[in-house]
Structure formats: structure tokens, C-alpha cells
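Visitor: Build me a model:
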Amino acid sequence: MVKKIKEKGEKKRKIIRDHAKNELVIHGVNSLSLRKISADLGISHGNLHYYFKTKDHLLLDIFNEEINKLNKSISNCSDESLSVEENAKLLANTILSDSTEPSMLLWLVLVGESISSPKLKKVIKDENSLYEGVLSNQIRVINSRISDKKSIYISKIIRCLIDGYCIELIYTDVKLIKSKKFYSELKHHIIKLVCDL
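Guide: The predicted structure follows:
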């Protein structure tokens, strides 16, 4: 019985999160309203507050979910039977593939809105730190010659490259030859960083 209630609650949280994600992408953070979400979903405002006490709680839940997806894909992209270079290629492919996911648009919305919001700046800082930590650990799994300090430095560089690449994807047609060449060069540089060449 308790398990059913918990599953039902998680299902409702997911419905609310998914609707809020769509609203964020279309209208941005400032237009996100718990009252509008409750009206759109046909649930009472009080019921919505049961799941998310404030807009900030909802935002944090959304971005934690998204960063956890990215971190999980990074953590699972090495194979002991492969060489350092092959694992670095696998990591680069995973990172670049993740950057084309629709969830990255949510990240860019948050970054843009954070310019005028100290709370959102903190969320970005925390999420970046988490991402860089997971990436740093994976770099050390792939290439044990890299020190902890250097892997953190490399993960920060890769995160900055990926953030820039995500911005590039907003206005670039990825099917163009020059876009494919840029992708290939970016992948090559990420591999070199992880291999410590």
C-alpha cells in the first residue's frame, strides 16, 4: 500500500516536472508559475505545493534530474577491456551526444536567467561542480596517470567547451560539413585532454 502511494506521488511529481520543463523552454524561468502549472494540469494549487513548496524547489528538482542523467551517462562510459584512448573516445562521444539532448536547452535557459538571479547562480555553480566532479572521477578511471588536481582542471576545461558547444548548437545546422568538421575537432581535443597528450 505504501509503495503504491509512493509510486503515485513520484508519477505526479514527474508530470509536474515535465510540464514545468516545457514551460521553461518556451517561456523562461521568470514566466514559470506554480499557479499556472496547477491550472494547466487541473490540480489544486495546494496539491501542487504538497509536491513542490516553491518555484525554487521545482527548479532545483528539474535541474537535479537533468544533471543526474548527464552524470549517469558519463559514469557508465568506460570499459576495462579498452585502451585509454578508446575509453577517451567513448567519453567524448557520450559528452558530445549528451550536449545535443533537449535537456541542454533547459540548462541554457537557466544560465541565461541566472544573470539577474543570485539563487539561480548558486544552482548553476552547484550543478557545474557536481558535473565536473563526476567527469573528473571518470577521467581518472580512464587514465590513472592523471592526478586528482589535473583531472579537476581538465574536467573544468571540458565543461566550458561543452557549454560553448551547446550555445553553438542553438544557431548552427549540425548537418553542414563545417559543423561536422567542428564536431570532429572538438571531439579530438576532448580525447587529447583525457589522454593527457
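
Visitor: residue closest to the middle of this structure?
Guide: The centroid of the chain falls nearest to Ile67 when counting by C-alpha atoms, centre = their mean (3.9 Å).

Visitor: Which residue comes closest to that residue once chain neighbours are left out?
Guide: The shortest distance from Ile67 to any residue other than its chain neighbours is 4.9 Å, reached at Glu127 (C-beta to C-beta, 6 or more residues apart in numbering). Any C-beta I mention is one placed from the backbone N, CA and C, and that applies to glycine too.

Visitor: ok, back up a step: so what's the model's average confidence on the strand or helix carrying the residue nearest to the centre of the chain?
Guide: Assigned by DSSP states H and E, Ile67 falls within helix 55-75. Taken as a whole, helix 55-75 has an average pLDDT of 83.

Visitor: buried sites along that helix?
Guide: 55, 58-63, 65-67, 70-71, 73-74 (16 or more other C-beta atoms under 10 Å).

Visitor: who does it touch, helix- and strand-wise?
Guide: Packing contacts for helix 55-75, counted by 3 or more C-beta pairs under 8 Å, 6 or more residues apart in numbering; DSSP states H and E, involve helix 2-27, helix 84-98, helix 103-114, helix 118-142.

Visitor: Could you export these to TSV, including columns for mean neighbour count, mean pLDDT and distance to Leu34?
Guide: Output for these, formatted as TSV (neighbours: other C-beta atoms under 10 Å; pLDDT from 0 to 100; distance: least, C-beta to C-beta, whole Å):
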stretch	mean neighbour count	mean pLDDT	distance to Leu34
helix 2-27	14	80	9
helix 84-98	19	92	29
helix 103-114	18	75	17
helix 118-142	18	89	15
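
Visitor: Distance to Ser38 added to the ones you listed, as TSV?
Guide: Shown next, in TSV, are the helices and strands packed on helix 55-75 (distance: least, C-beta to C-beta, whole Å):
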stretch	distance to Ser38
helix 2-27	9
helix 84-98	32
helix 103-114	21
helix 118-142	22
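
Visitor: give the contact list for Thr54.
Guide: Leu34 (C-beta atoms under 8 Å, 6 or more residues apart in numbering).

Visitor: any idea how far it lies from Asn143?
Guide: Noted for Thr54: a distance of 42 Å to Asn143, by C-beta to C-beta, to the nearest Å.

Visitor: now swap in Lys69 and tell me
Guide: Counting by C-beta to C-beta, the gap from Lys69 to Asn143 is 24 Å.

Visitor: looking at it, Ile152 is touching Val134, isn't it?
Guide: No. Counting by C-beta atoms under 8 Å, Ile152 stays clear of Val134, with 11.4 Å between them.

Visitor: who touches the nearest residue to Ile190 once chain neighbours are set aside in this structure?
Guide: Excluding the flanking residues, the one nearest Ile190 by C-beta to C-beta, 6+ apart is Ala92, at 4.1 Å. For Ala92, the contact set (C-beta under 8 Å, 6+ apart) comprises Lys187, Ile190, Ile191, Val194.
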